[in-house]
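S.K.: only geometry, no sequence info:
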């Protein structure tokens with residue numbers, strides 16, 4: 001069996017890949033200079049937790065079949081340098097995933113927003129239909145023990161990330177996966193630290209289209225004008241194109257119903273962005289052989305991916321949501337979804353600036369208008385996040401001017417943010433917490449308890 005060594009084994013996806021390969025029978029070793037939960041416990045249970053923290057070139061021997069390197073590793077990593085010196089094949093994790101799935105039908109779901117939820121929807125339906133498949137996704141899903149699985153299945157479903165693959169190869173991850181079935185959910189500029197212009201960002205999706213296998217399928221959101229133009233510009237004669245738009249639906253008594261092929265079913269998710277994601281998932285599943293009736297039977301039970309409009313508290317007076325939204329288009333779509341679902345409720349939106357893009361003053365203007373449907377709105381940032389990312393202090397006045405939201409408040413101290421949240425309406429209310437971080441270690445359970453005590457259940 002192959003012997004694989006992981007440099008930076010503690011990564012979110014890296015440790016899951018290591019575990020699934022061990023389950024497949026591969027001999028796995030790994031190193032890291034820091035391993036946090038839940039990776040530490042997951043590796044410990046799997047018998048893969050390194051005995052010592054740090055980098056050890058002695059672990060790199062000629063007997064290794066390959067080395068997989070995570071984004072956390074640097075160019076001068078001593079294990080990486082040893083692997084290079086010995087001529088051992090070195091892969092980023094998307095390169096390795098492709099190498100392991102060359103003979104599978106590869107489904108790759110890309111896009112600036114919605115790719116995790118769309119991937120999760122496809123996985124949910126396929127599992128409900130007892131369809132054998134492997135997968136790669138960047139979130140924990142109910143019903144799936146891991147976020148990566150590699151077996152002998154003939155199909156693999158992958159979330160396609162446009163962020164760089166590794167320090168050795170800074171091309172976007174989804175460029176390495178060469179899909180047979182590709183999805184693009186939409187394009188909205190993000191990751192400005194990597195793609196400083198929108199044109200450069202768009203180019204990554206043009207390249208993605210060029211990487212689709214001959215006679216493959218591209219499923220794309222035709223309601224996204226920029227994406228529609230990009231697809232037309234890069235049209236290939238050897239691909240099947242499936243454009244999709246918003247499916248037929250209605251909202252009744254707080255429940256969204258969807259109709260396809262004359263069949264109407266209720267959903268547990270809501271919002272136009274989720275309906276677009278659902279339509280993309282429908283076409284993926286149909287292309288894989290799942291008919292409309294089976295898809296609709298299965299999708300009714302889908303409750304969402306972790307931190308994607310995840311309900312933390314719900315009673316007759318208030319619903320508290322947590323969402324991973326950070327890019328302007330996703331923040332806008334998430335706010336609009338909650339307001340559409342609960343139009344009579346006071347919507348309090350709390351957003352954390354956490355990514356390189358959102359903390360960058362030149363990107364502030366991209367958030368103009370996205371908070372318009374919130375009744376009250378706060379923006380939070382942690383000063384130590386700026387230090388870690390080596391970014392200048394936030395000009396709060398400029399931030400407020402760019403966003404142009406009446407009544408917007410900005411906080412960089414957690415106690416002041418919590419005090420403001422505590423003063424927001426607790427009856428006939430929705431509270432939406434949006435961040436790709438954790439609001440500087442905000443105790444979510446304490447916040448929930450406060451609202452439980454302050455409202456009549």
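M.R.: On my side now, so go ahead. All of these numbers come straight from a predicted model, not from anything done at the bench.

S.K.: which residues are contacting stretch 402-417?
M.R.: 350, 364-365, 367-372, 374, 376-383, 394, 396, 399-400, 420, 439-442 (C-beta atoms under 8 Å, 6 or more residues apart in numbering). All C-beta spots, glycine's among them, are computed from the backbone N, C-alpha and C.

S.K.: so who does the closest residue to residue 185 other than its chain neighbours touch?
M.R.: With sequence-adjacent residues excluded and distances taken as C-beta to C-beta, 6 or more residues apart in numbering, residue 185 is closest to residue 111, at 3.1 Å. Contact partners of residue 111, counting by C-beta under 8 Å, 6+ apart, are 118, 183-187, 221.

S.K.: mind listing which of those are in strands?
M.R.: Counting by DSSP state E, the part of these found in strands is 183-184, 221.

S.K.: now do residue 215, the pLDDT please.
M.R.: pLDDT for residue 215: 98.

S.K.: again, but for residue 443
M.R.: 85.

S.K.: just put the contacts of residue 111 in TSV and tack on distance to residue 246 and pLDDT.
M.R.: Below are the contacts of residue 111 laid out as TSV (distance: C-beta to C-beta, whole Å; pLDDT from 0 to 100):
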residue	distance to residue 246	pLDDT
118	14	97
183	16	98
184	16	98
185	13	97
186	12	94
187	17	93
221	9	98
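
S.K.: pull the most distant pair out of those.
M.R.: 118 and 187 (14.4 Å; C-beta to C-beta).

S.K.: pick out whichever of the two has more residues nearby.
M.R.: Each of residue 118 and residue 187 has its neighbours counted (other C-beta atoms under 10 Å); residue 118 has more, 29 against 26.

S.K.: can you tell me how far the nearest residue in space to that one that is not next to it in sequence sits from residue 4?
M.R.: Sequence neighbours aside, residue 277 is the residue nearest to residue 118 in space, at 4.4 Å (criterion: C-beta to C-beta, 6+ apart). Look at residue 277 and residue 4: by C-beta to C-beta, to the nearest Å, they are 33 Å apart.

S.K.: name the residue in those two with the higher neighbour count.
M.R.: It is residue 277, of residue 277 and residue 4, that has more neighbours when counted by other C-beta under 10 Å, with 30 against 21.

S.K.: ok, back up a step: and the contacts of stretch 402-417, which are buried?
M.R.: 350, 364, 367, 370-371, 374, 376-382, 394, 399, 420, 439-440, 442 (16 or more other C-beta atoms under 10 Å).

S.K.: got a list of contacts for stretch 339-348?
M.R.: Contacts of stretch 339-348 (C-beta under 8 Å, 6+ apart): 251, 254, 256, 270-272, 319, 335, 338, 373-378, 421, 424-425, 428-432.

S.K.: what subset of these is buried?
M.R.: Here, 16+ other C-beta under 10 Å leaves 256, 270-272, 319, 335, 338, 373-374, 376-378, 421, 424-425, 429-432 buried among the contacts of stretch 339-348.

S.K.: of the residues you listed, which belong to strands?
M.R.: 256, 319, 376-378, 429-432.

S.K.: counting by contacts, list what the helix or strand hosting the residue nearest to residue 118 packs against.
M.R.: Secondary structure from DSSP states H and E places residue 277 in helix 272-287. Applying 3 or more C-beta pairs under 8 Å, 6 or more residues apart in numbering; DSSP states H and E, we find helix 272-287 packed against strand 105-110, helix 115-128, strand 181-184, strand 217-221, strand 240-244, strand 255-260, helix 292-299, helix 328-341.
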